[in-house]
Structures are given as structure tokens and as C-alpha cells.
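S.K.: Provided below are the primary sequence and the corresponding predicted coordinates.
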Protein chains: 2
Amino acid sequence: MVTLEQWQCLVAIVDSGGYAAAAEVLNKSQSSISYAIQKLEGSLDLRAFKIDGRKAVLTPVGQTLYRRAKVLLEEAQQMESMALQFSAGMEAEIKIAMDTLFPDWLLLEAVQTFMTENPMTRVELQETVLSGSDEALLKKEADIVISGRIPPGFLGDPLMQVTFRAVAAPDHALHQVGRTLDYQDLRLHRQLVVKDSGSRGTDSGWLGAQQRLTLSHINTSVRCAVLGLGYAWFPVLKIQNELEQGVLKPLSLVSGGERSVELYLIYRDGHYAGPGTKQLGQLIKDKIAKISVE
Amino acid sequence: MVTLEQWQCLVAIVDSGGYAAAAEVLNKSQSSISYAIQKLEGSLDLRAFKIDGRKAVLTPVGQTLYRRAKVLLEEAQQMESMALQFSAGMEAEIKIAMDTLFPDWLLLEAVQTFMTENPMTRVELQETVLSGSDEALLKKEADIVISGRIPPGFLGDPLMQVTFRAVAAPDHALHQVGRTLDYQDLRLHRQLVVKDSGSRGTDSGWLGAQQRLTLSHINTSVRCAVLGLGYAWFPVLKIQNELEQGVLKPLSLVSGGERSVELYLIYRDGHYAGPGTKQLGQLIKDKIAKISVE
DNA sequence: ATAGATATATCTATTAATTAGATTGAATTG
DNA sequence: CAATTCAATCTAATTAATAGATATATCTAT
């Protein structure tokens, strides 16, 4: 196998203009360079240089090899500097756990910005519900968590207020009652509940409902509500489209028709978080700040 | 610098599932593998593997390195097999000299086909006129020559008949004469002549003309004819568009209004030509055969 | 629990590859 | 024609890579 060093010699000879000059550049002796080229030419069974007078000149084959060798070396160099960044603490992988309450497009925009700036860092996104985010933190399955709950021992930065509203499809029975509804009315109808993604399975939603339909993802839940399968509390930001299109309609409740939850951004390792994690967290915060202004 | 062999070890360990298995695959001892990874990790100052139990498992950083190392090795491998083709006689560079009489789109199509099949071979095209092609052959500046002249000592395969027709712009004075023209008529007008690209500079065209405008390229000459700067003999295939659009019109001559030249394909090295040169030559012939049938 | 099997790490002696330095021969320069 | 420059070659010394033996840890099956 031709080694990287041998390719490097070939390139150095061309770039510097000769064997002796290449030796200077690479901090080697001239004989080492000569030896390296001999080995290269030997193992490929061709001539890369023709000695014209006392100058080393590339053969046509050599020219082709030179061009590709430059690319190869460039790539090897890139790998090493990438690795250097890793050893300096830059993460190869950042895992995010996000409660489905959080507007996903917002996070995805931040992730996209981050990934273009840090192409060597992978990002993994896990959508969680309620205790699922706690679990991600405690089991070290996520570096960044966006959730409404801060497990004891962690510190969270407030991100945004998520407002819930009780809604149902316009032709749902609850919308035909013709007066403001109370808890008794709701009890008689099916409530759509999003299943807790944590393994302990804390239940969410109002437990007073007799009939319940439990979904694993909020998007499915919204779809069910639109189809008239039941009523539910949804984050306003998540159903903006549905409200505008009129396929979902807010229920007028005596009280409790609007609830709200504060979402927090939590670093698993607090201020010991790596540089990439911190940058990504900041990007998310910036995105939200920008949205709030608009 | 991390060597290719070290990257190869990393990849082999992952692909085969362990240090010992990698040693087997690479025909080395297990301790060599261990040593190589130690060197790699040492020079990058990071850990690529974590020994989980007694299994070697990639760290997140290691995963990223693994993916890129595969690409790097793939590229190095490609270079070597490319070089192997070179040493087996495949040319790194093929030079073509083509008389401008030859329809260029025909050659370019053949070149394109060749280049997609042989991405590592460069192709250089030189357009010549008359003795320029002889010179390219004799000075070894071209491997393939397409020309109407075969210098002594070379063998040419007949390619195609190129038919010349005397033409001028429709509003040219020669078109206003109102009868078939003879040599005397032509003598009185400016002839457009393409300059010989050879250094000896044999003159082309009919030397009886008193006024001449000499151009270095046939395309320029056609443009001049369209603008009414003179009359000229052009290959029919080269001015098909101009004839259809009516911007050039054939002159009706008593005799000599149509001449023709046979073009030949000549290999500089005859049947000692390299495999790429032969293939490219054959492609050109095939293209012409296909055209002739249509 | 415990023996046996499996997998990586480490140590050591050996072997192979690389290196520098001196020298030679060829080509260029003044 | 002498001086200089450049690559090739030879040699000795150094360095790096390797296999083999052994140690250590862990998993598996009894």
C-alpha cells in the first residue's frame, strides 16, 4: 500500500520544485525523499517523475496522481483537524430530548443552523412526553432537554410559555350544547390524552373523564380531534393551522378552558456542557427571543 | 500523522467486530492491532474505542472517524487501482489534433463518451488547419490526428468525405451577376482563406484570387462570409445552419463549385497505440458509421 | 460460585523499514 | 573549465512495527 507519507513526498516535490527542496519542506533528508518516491513508483509499477536534465518533471501519469494525491492529503488533513476539535471537547454527537409541546419547527431551525456550522457533529432528536424528558436526563440519554419539568438537581432556563386550550371539532357534540360547559359536561365525553413516554407512565390530562383515548404522539392526537373522536387540551401553537382552518374550535368552558405551562431548557451537564451543546442551546434561545420580538 | 494503515485498523476492527478478528483479516497479530490503535488515539489525543466488557465499542467520536476513514481508504484504494491501470498501459492523457474541416460536434460526442468511461484519462483537443495536423503528428504533439493529409510513413483510416461548396452572402455582388460564374468572375472578388496552422504555412484555397482575407479559424471565416466580406469554399456540414437560414447561398459556378476531400484518422503510434487511444479512435469511427446510416 | 473461554492490554525480543550522511555522477551555470 | 546544483546510491544507525508470550478483565455455562 502506498502510504500517505509517500503521497506527501510526491506532492511536496511538485510544489517545492525538487527533491532537495521537498526534503527541506518536510524536514527530511534528500535521500529519504528519493527513497520514498522509489517505493511509491515500485509499488505502483510506474514512473511518477522523469528526471529531465537535473530537474524532476512529472510524467503525464504523475500529473494525474499529483492532482488526486492533493485531494487525498487534504482529506486526511481535514480528518485530523476534525479529530483535534473532538479532543478539544467538541462533541461528535449531541442528543436532544424535546417535549412534544414545544413547537418543533423552532427547534429544527436552530438545529439546521447548528449543523451547517458544525458539520462534524451529529444531532439526535428524541420527542418525549412528560416524564420521558426526566428519564432522558437521568439516564443520560440527552444532553439538552426541553421540558416543562425540571427534575431535582438540575437547573433549567425558562424558554417560553405554552398555552393550552380545550378544543374539539366544530361538529362535536360539546359544541352543540349551546352554553358554557362545566366539568360535568366534559365527563360525559371522550378525552384525547397523550401517553407519557417515560417508563413510569405518569398519566397526563384531566383524570375526571370517563372515556379516554390515549395516543403516543400529539400529532396523532390532533388528527383524532379533527376527526371528531374527542376533545382535548392542545398547545395553541401546535394547532394554529387547525384553528385557522376551522377544523378545530375552542370550547367555551366555565373555567379551565385555558391552561399554561412554562417550558425550560435543561443542560444535562449544567455549565460543564461541551461547547457544541452550549452553542446549540444558545441557538434555541436566540430563535425564541427573535420570535417573541416579531 | 495518522497513517492509512492505522485508519485501516480502525475500520477493520469495526467491520470484523473486534481486535482479534481484525488481526485475522489484516494478516497481523492482535498486538499489532492494539498497538496501531494506541498510536492513532495517541496522536489524535482521543479515544476511538471504549472497551465495554470485553468488546471494543466505538465512542461517538470513533463513529464519526470511522465513517470518514472508510471514505479516505476508499479513495486511496481507487488511486491505486487507477495507477495500476496506468502501469498496464492506459494513457493518462490523449491528445487529439483535428482539422477544422471535421464536424466538431461529432468528435465532441465521441470524446464525451470516452471520458465518462475513462474518468482518469485527460483529453486534449487541438484544432489544426492543413499542415498543422502533419506537424502535430511529426512533433508527437498528438496521439490521434484527423486530417485530409497523411504524412509519409503514417497509416490513415478513411473517415468521411467532406464536401466543399463555394458560397457567399445572398446580397453579395457575385449573386447579382445573374449567370453561372467562371474563374474570371471570382478573381475580381475577395476570397476568404483559412490560414494554415502549421509553421511552414502552406497556403490553402484557390490562389488565383486577387484579394484575399486570411482568417485563423474556419468559424471566423464563416462569420465573415455571412457579413458579406467575401466568398469562400466551406465544408457543407459546417455551414448547414447558414444555408438553411439563407444567410449564405451557394454560388453557381461553371465548374469547381463543389470539391471534396477525404478525411483520415491517423494514429501516431499505429497499432502500437495505447488501449485508450484505440478506444477513442474506434468511438470516433463508430459515431461516423452511425451518422452515415441515418 | 467457579472454571473455562474469550477479548484486549502489556511486555519483550526480533525483524523490517526508515533515516541521515557521505559520496557519486550527471547536468547546468558563469 | 571550475563551481554549483540536483538526484541516485551506498552504508550505518536509528526507529518503528511485529509476533509471541503473558497478564488482566469479563462473560458464560455449569
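M.R.: Right, received. Where do you want to start? Residues are numbered from 1 along each chain as shown, chains lettered A, B, ... in the order given.
S.K.: secondary structure element for A:Glu80?
M.R.: Using DSSP states H and E, A:Glu80 sits in helix A:60-87.
S.K.: so how far is that helix from its chain's centroid?
M.R.: 29 Å (C-alpha atoms, centre = their mean, to the nearest Å).
S.K.: buried sites along it?
M.R.: A:60-66, A:68-69, A:72-73, A:76, A:79, A:82-83, A:85-86 (16 or more other C-beta atoms under 10 Å in any protein chain shown). C-beta here means a position set from N, CA and C on the backbone, and glycine is covered the same way.
S.K.: anything in that helix sitting right up against DNA strand D?
M.R.: No. Legend: contact between helix A:60-87 and DNA strand D by C-beta under 7 Å from any atom of the strand is lacking; minimum distance shown is 12.3 Å.
S.K.: that older thread, what about chain B: which of the buried residues of helix A:60-87 touch it?
M.R.: A:60-61, A:63-65, A:68-69, A:72, A:76, A:79, A:82-83, A:86 (C-beta under 8 Å from any C-beta of the partner chain).
S.K.: For the stretch 101-250 of chain A, give me the ranges with low pLDDT.
M.R.: A:200-210 (pLDDT under 70).
S.K.: where along it do the strands fall?
M.R.: Counting by DSSP state E, counting those that start in this stretch, the stretch 101-250 of chain A has these strands, from start to end: A:122-128, A:144-147, A:156-168, A:191-194, A:212-215, A:232-235, A:249-250.
S.K.: Which among these is found nearest to B:Met1?
M.R.: When the strands of the stretch 101-250 of chain A are ranked by proximity to B:Met1, the top entry is strand A:122-128, at 25.7 Å, counting by C-beta to C-beta.
S.K.: strand partners of the closest one, parallel vs antiparallel please.
M.R.: strand A:93-99 (parallel) (DSSP bridges).
S.K.: In PDB, list the C-alpha atoms belonging to the strand it pairs with.
M.R.: Extracted in PDB, the C-alpha atoms of strand A:93-99 (Å, rounded to 0.1, in the frame of the first residue of the first chain):
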ATOM      1  CA  GLU A  93     -22.900  13.800  18.900                       C
ATOM      2  CA  ILE A  94     -25.500  15.900  20.700                       C
ATOM      3  CA  LYS A  95     -28.800  14.300  21.800                       C
ATOM      4  CA  ILE A  96     -31.800  16.500  22.400                       C
ATOM      5  CA  ALA A  97     -34.900  15.400  24.100                       C
ATOM      6  CA  MET A  98     -37.900  17.700  23.400                       C
ATOM      7  CA  ASP A  99     -41.300  17.600  24.900                       C
END
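S.K.: Buried ones in that strand, by neighbour count?
M.R.: Under 16+ other C-beta under 10 Å, the buried positions of strand A:93-99 are A:94-99.
S.K.: ok and the residue in the stretch 101-250 of chain A nearest DNA strand C?
M.R.: For the stretch 101-250 of chain A and DNA strand C, the shortest gap (C-beta to the nearest atom of the strand) falls at A:Lys140, measuring 22.7 Å.
S.K.: returning to that earlier point: of the buried residues of strand A:93-99, which are in range of DNA strand D?
M.R.: Applying C-beta under 7 Å from any atom of the strand to the buried residues of strand A:93-99, none is adjacent to DNA strand D.
S.K.: Determine which two of the residues you listed are furthest apart.
M.R.: Longest span within the buried residues of strand A:93-99, C-beta to C-beta: A:Ile94 and A:Asp99, 17.4 Å.
S.K.: What residues does the residue in the stretch 151-294 of chain A that DNA strand D sits nearest to make contact with?
M.R.: Going by C-beta to the nearest atom of the strand, DNA strand D is nearest to A:Ser199 of the stretch 151-294 of chain A, at 23.2 Å. Shown in contact with A:Ser199 (C-beta atoms under 8 Å, 6 or more residues apart in numbering or on different chains): A:Glu135.
S.K.: A:Thr3 too?
M.R.: B:3-5.
S.K.: hmm, back to that, just checking, what packs against the helix holding A:Glu80?
M.R.: If you count contacts as 3 or more C-beta pairs under 8 Å, 6 or more residues apart in numbering or on different chains; DSSP states H and E, helix A:60-87 packs onto helix A:4-16, helix B:30-44, helix B:60-87, strand B:93-99.
S.K.: and the angle from it to strand B:93-99?
M.R.: When axes from the mean of the first three to the mean of the last three C-alpha atoms, to 10 degrees is applied, the directions of helix A:60-87 and strand B:93-99 differ by 130 degrees.
S.K.: what mean pLDDT would you report for helix A:60-87?
M.R.: Regarding helix A:60-87, the rounded mean pLDDT is 93.
S.K.: between that helix and helix B:30-44, how big is the angle?
M.R.: Going by the same axes, to 10 degrees, helix A:60-87 makes 80 degrees with helix B:30-44.
S.K.: Could you pull up the residues touching the spatially closest residue to A:Gln211 that is not a sequence neighbour?
M.R.: Closest residue in space to A:Gln211, ignoring its immediate chain neighbours: A:Arg190 at 4.1 Å, by C-beta to C-beta, 6 or more residues apart in numbering or on different chains. Residues in contact with A:Arg190 (C-beta under 8 Å, 6+ apart) are A:209, A:211-213, A:229-231.
S.K.: how about the residues you listed, which pair is most distant?
M.R.: Distances among the contacts of A:Arg190 were taken as C-beta to C-beta; the most separated pair is A:Ala209 and A:Leu229, at 13.1 Å.
S.K.: can you list the residues of the stretch 51-200 of chain A near DNA strand D?
M.R.: A:51, A:54-56.
S.K.: Repeat the analysis, applying 10 Å as the threshold.
M.R.: Proximity of the stretch 51-200 of chain A to DNA strand D, by C-beta under 10 Å from any atom of the strand, involves residues A:51-57.
S.K.: List only buried entries from those residues.
M.R.: A:Ala56.
S.K.: can I get the residues of the stretch 51-200 of chain A next to DNA strand D in JSON lines with pLDDT and secondary structure?
M.R.: Formatted as JSON lines, these follow (pLDDT from 0 to 100; DSSP: H, G, I helix; E, B strand; the rest coil):
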{"residue": "A:Ile51", "pLDDT": "92", "secondary structure": "strand"}
{"residue": "A:Asp52", "pLDDT": "90", "secondary structure": "strand"}
{"residue": "A:Gly53", "pLDDT": "88", "secondary structure": "coil"}
{"residue": "A:Arg54", "pLDDT": "89", "secondary structure": "coil"}
{"residue": "A:Lys55", "pLDDT": "93", "secondary structure": "strand"}
{"residue": "A:Ala56", "pLDDT": "93", "secondary structure": "strand"}
{"residue": "A:Val57", "pLDDT": "95", "secondary structure": "strand"}
